[in-house]
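>>> quick check, what structure comes out for this input:
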Amino acid sequence: MNGVPRQYTTGKILNIYVQPILINSDVFTGIAVIENTGQTIWDNNTFNLKTANGEIKILSFSHSELTPENNGILIFKGKTKDKTGLYSDQLLLTKDGQNIAKSGKFTIIKLF
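Got it, this is the predicted structure:
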């Protein structure tokens, strides 16, 4: 539409907190502090959440509406592979296949 400025969707993952040790389970819950640095209002349909290298699968995520230039909390559930081991990955916020934000690395140890 002519005359309507483009709305940019950009953001940051400021912090991430995950359950560091899994015993007899491969499912965990995590929390990320996110910042909307763009011009659009974020709801649960604005972006997708995935991991950078696929070692960990994101099963679901949720956050409250987040207006531009504000921070919010994103809660997610993830799953490691079935085998015991050390899993390191990063979270990615994506929209239409493009990365919006990338977290720092997090590590989970799966026992048994």
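>>> return the set of buried residues in stretch 66-81.
Going by neighbour count (16 or more other C-beta atoms under 10 Å), the buried part of stretch 66-81 is Leu66, Pro68, Gly72, Leu74, Phe76, Gly78, Thr80. All C-beta atoms are positioned from the backbone trio N, CA, C, and that covers glycine.
>>> same deal with stretch 51-58?
Thr51, Glu55, Ile56, Ile58.
>>> repeat for stretch 88-95
For stretch 88-95, by 16+ other C-beta under 10 Å, it's Asp89, Gln90, Leu91, Leu92, Leu93, Lys95.
>>> give me the residues contacting it.
9, 11, 13, 16, 32, 34, 46-56, 58, 76, 99-108 (C-beta atoms under 8 Å, 6 or more residues apart in numbering).
>>> residue ranges with poor pLDDT in the protein?
1 (pLDDT under 70).
>>> ranges for the strands of it?
For the chain, the strands defined by DSSP state E cover 11-18, 21-23, 27-36, 48-51, 57-63, 70-79, 85-89, 91-95, 98-102, 106-111.
>>> who's in contact with Thr51?
Thr51 sits next to Lys57, Ile58, Gly78, Asp89, Gln90, Leu91, Leu92 when contact means C-beta under 8 Å, 6+ apart.
>>> list the contacts of the third one.
Read it as Gly78. Val18, Val27, Phe28, Thr29, Gly30, Thr51, Ile56, Lys57, Ile58, Leu59.
>>> switch the cut-off to 7 Å
Phe28, Gly30, Ile56, Lys57, Ile58, Leu59 (C-beta atoms under 7 Å, 6 or more residues apart in numbering).
>>> farthest pair in those residues?
The largest separation in these, counting by C-beta to C-beta, is between Gly30 and Lys57 at 12.5 Å.
>>> no further questions, thank you.
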